[in-house]
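Asker: with the input below, show me the fold.
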Amino acid sequence: MAMNLAPSWWMLLIRGLAAILFGVLALIFPPGAVAAMVLLFGAYAIFDGIFNLIAAVRPPAGRRWWPLAIEGVVSLAAGLVTFFWPGLTALALAMVIAAWSLITGVAELAAAIRLRKQLEHEWLLGLMGLLSIIFGVLLFLAPGVGLVVIAIWIGAYAIVFGALLTALAFKLRAWAHSHAPEPTPRTA
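Answerer: Okay, the predicted model is just below:
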């Protein structure tokens with residue numbers, strides 16, 4: 001594995017440094033990170049919509065075109081809404097994350113209750129569920145603050161991930177130098 005990765009150590013270094021830079025920027029200006037996520041989603045939705053509409057106009061033989069056309073129109077509309085009303089899109093994202101957190105929290109609590117006779121330390125699963133529920137409720141109550149907190153978490157993760165990737169790149173570089181093939185002597 002190291003033999004395969006070692007020649008490309010510099011790519012890992014670039015990825016690591018980019019992750020660190022992104023993480024620092026997200027920590028310095030979390031609303032900018034949220035805005036970037038929203039706009040990136042908008043751009044993706046627009047391109048997805050365009051490609052689906054193109055596929056609907058030129059369907060393979062025997063394939064229905066209308067599902068692709070509907071998907072294309074919906075994706076295009078979602079992308080345009082994102083660019084014209086980015087705040088609304090960010091709010092919708094916060095609500096989806098809040099709902100997901102509540103639903104998974106309730107499921108984790110239910111699992112902890114059901115497993116209490118078969119599993120030691122099931123209270124850890126219950127605590128996870130409770131934390132998920134609290135996070136979901138707080139996100140519903142203050143979605144803007146919640147998105148900023150999520151951006152900060154993502155920024156902190158990116159810095160740690162980038163640092164680890166950078167360290168790996170330098171380890172692979174050192175490994176590549178220590179395992180470089182010996183030059184063969186020339187014969188006259």
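Asker: so Gly129 touches Ala107, yeah?
Answerer: Yes. Contact status for Gly129 versus Ala107: in contact at 7.3 Å, counting by C-beta atoms under 8 Å. For every residue, glycine as well, the C-beta is placed using N, CA and C.
Asker: of those two, who's got more company?
Answerer: Between Gly129 and Ala107, counted using other C-beta atoms under 10 Å, Gly129 has the larger neighbour count: 20 against 12.
Asker: roughly how far does Ile50 sit from Ala163?
Answerer: 38 Å (C-beta to C-beta, to the nearest Å).
Asker: go on, Ser8?
Answerer: Distance from Ser8 to Ala163, counting by C-beta to C-beta: 19 Å.
Asker: okay, these two: which has more neighbours?
Answerer: More neighbours surround Ala163 than the other of Ser8 and Ala163, with 15 against 12 (other C-beta under 10 Å).
Asker: check the more buried one and give its pLDDT.
Answerer: Ala163 is assigned 94 on the pLDDT scale.
Asker: could you do Ala43 as well?
Answerer: On the pLDDT scale, Ala43 is placed at 92.
Asker: check which helix or strand it maps to.
Answerer: helix 30-57 (DSSP states H and E).
Asker: buried residues in the next helix or strand after that helix?
Answerer: Following helix 30-57 in sequence order, the next helix or strand is helix 66-84 (DSSP H and E). Within helix 66-84, the residues scored as buried using 16 or more other C-beta atoms under 10 Å are 68-69, 71-72, 75-76, 78-79, 82.
Asker: and the next helix or strand along the chain from helix 66-84, what other elements does it pack with?
Answerer: Counting by DSSP H and E, the next helix or strand C-terminal to helix 66-84 is helix 86-115. Applying 3 or more C-beta pairs under 8 Å, 6 or more residues apart in numbering; DSSP states H and E, one finds that helix 86-115 makes contact with helix 30-57, helix 66-84, helix 122-141, helix 143-178.
Asker: related to what we said a few turns ago, what angle do the helix holding Ala43 and helix 66-84 make?
Answerer: Here helix 30-57 runs at an angle of 150 degrees relative to helix 66-84 (axes from the mean of the first three to the mean of the last three C-alpha atoms, to 10 degrees).
Asker: next, give phi and psi for Gln118.
Answerer: phi -100, psi -20 (degrees, to the nearest 10).
Asker: wait, Pro185
Answerer: Per-residue torsions, Pro185: phi -70, psi 140 (degrees, to the nearest 10).
Asker: what's the answer for Pro183, then?
Answerer: Dihedral angles of Pro183 (phi, psi; degrees, to the nearest 10) stand at phi -70, psi 140.
Asker: look up how far Ala111 lies from it.
Answerer: According to C-beta to C-beta, Pro183 stands 61 Å off from Ala111.
Asker: many thanks, I have nothing further to ask.
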